[in-house]
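**Q** dropping the sequence and predicted coords here.
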Amino acid sequence: MSYSKHVFEFPVMPASIRLSSYTPSHGQTMTDDVHMIPRRLRRTRLIHALRRRFPVVESLWQRFPDNIFIIRCEPDGRFLIEAISPALERLIGVPDAEAAGRPIEQIVPPIYLDSVLSRYRECVANGIPLSYEETGAPEGTEPRHWLTLMVPAADTAGRVEYILGISRDITAIRHAEEVLRRSNEDLERRVAERTAALELANARLMELATRDGLTGLHNRRHFFELAERELARARRNGLQLSIVMLDLDYFKLINDSYGHAAGDHALREVAGLFALVLRETDIVGRYGGEEFAMLLPDTSREEARQVAERLRAVVAGHVVDWRGEPIHCSASLGVAHVDGGDVPTLDALLERADGALLRAKNGGRNRLVMSI
Ligand SMILES: Nc1nc2c(ncn2[C@@H]2O[C@H](COP(=O)(O)OP(=O)(O)OP(=O)(O)O)[C@@H](O)[C@H]2O)c(=O)[nH]1
């Protein structure tokens, strides 16, 4: 019995089945059997005859857990109930004896009728088995799902006389699938949340591992890593590069005069000025307390000198505002250059820049010195 609300197509069975093609175990065809049943009886209750004749059919009919229905297809297009199995009797609450012989309209609730009739008509028109899933809610109950197979049974002239249907209740399977689907969704959502949290934690860790907490510049270790990479590239490609060491002048005095917090503030502000002068490809790191290192890739000696001079000027020209009090800073710079020939080690290069820086300090500060 079809209580179709939402109907989903399943692939139809490959072949048409006719009553005449069924061969009972004793060798007679079903058609022969059917013809041995008096015509009056055959027209009214074919299944009764079969059940009476074959005890196995009777046993199957009584015990089969799925709903079985037999629909008689009248030549005038009506569908009459030929028989319904005990399982279906229990489902719809109508005994077989009462349902038999009645038009389908009297048994199927009106809201499902159109869909049921269109299935029957399709089965009769095509003359091949039809399988589909349907959903419905017998009165006062939760929606249930059935997987239904309908097989047309044609007479010897090929006219579909009966539809034999078996409908299996798959509600429990669908519910289990739904529970599984929801728990999968839940799992996927939780995995996505965890992954996002992990990525964030990784990014934070990366930040902590590579950035200086006060200024946001590369920390010393990461500066070395990036600078080594640049040096290797310069070595490989015969490129020139320059290194600038910048150290703030008399910084101890700033700390002593305004306090350590003011010193921190000044360091942050001065570090922020470097971006005004340097290119994106330049690498700048906090080398020590108030000392910064910069690697300028593909930069000539003269360009490096100009960059260093601009750095000096921008630091000297900036006034740090500390709670309304102006703080003036200056910086000394040492520059080392490699012309792309024999590229020295990073340590050697930094030593050269540091030597130049020392000379800048000794020369009076707020100045730059180029290493030879
Ligand atoms: N506020 C603050 N001060 C720092 C930080 N790191 C280093 N310093 C201070 O920077 C000062 C550096 O002092 P010195 O090495 O004597 O150098 P200077 O006073 O800058 O003098 P010159 O470099 O010779 O011009 C010290 O007082 C350090 O405590 C920091 O992160 N925050």
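**A** That came through, no problem.

**Q** right, and residue 122 touches residue 128 too?
**A** No. Residue 122 lies out of contact with residue 128 (C-beta atoms under 8 Å); the separation is 9.6 Å. Where C-beta positions appear, they are placed from N, C-alpha and C, glycine not excepted.

**Q** okay, buried residues for the helix ranked longest in the chain please.
**A** In the chain, assigned by DSSP state H, the helix with the most residues is helix 171-210. For helix 171-210, a neighbour-count test (16 or more other C-beta atoms under 10 Å) marks 174, 210 as buried.

**Q** residue 249 against residue 332, yeah?
**A** Yes. Assessed by C-beta under 8 Å, residue 249 is found in contact with residue 332 at 5.9 Å.

**Q** so what sits against both of the two?
**A** 361, 365, 366 (C-beta atoms under 8 Å, 6 or more residues apart in numbering).

**Q** quick one: which of these sit in helices?
**A** residue 361.

**Q** now, which of the shared contacts of residue 249 and residue 332 lie close to the ligand?
**A** Among these, the ones lying near the ligand by C-beta under 6 Å from any ligand atom are 361, 365.

**Q** let me see the contact set for the nearest residue to residue 276 once chain neighbours are set aside.
**A** Among residues not flanking residue 276 along the chain, residue 314 sits closest, at 5.9 Å (C-beta to C-beta, 6 or more residues apart in numbering). Residues in contact with residue 314 (C-beta under 8 Å, 6+ apart) are 273, 276, 277.

**Q** need the buried ones from those residues selected in ChimeraX.
**A** Selecting only the buried entries of the contacts of residue 314 in ChimeraX, with 16+ other C-beta under 10 Å as the criterion:
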select :273,277
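
**Q** would you turn the contacts of residue 314 into JSON lines with distance to residue 182, secondary structure and pLDDT?
**A** JSON lines is the format used below for those (distance: C-beta to C-beta, whole Å; DSSP: H, G, I helix; E, B strand; the rest coil; pLDDT from 0 to 100):
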{"residue": "273", "distance to residue 182": "56", "secondary structure": "helix", "pLDDT": "98"}
{"residue": "276", "distance to residue 182": "55", "secondary structure": "helix", "pLDDT": "97"}
{"residue": "277", "distance to residue 182": "58", "secondary structure": "helix", "pLDDT": "98"}
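
**Q** and the residue nearest to residue 276, backbone torsions?
**A** With angles defined as degrees, to the nearest 10, residue 314 sits at phi -70, psi -40.
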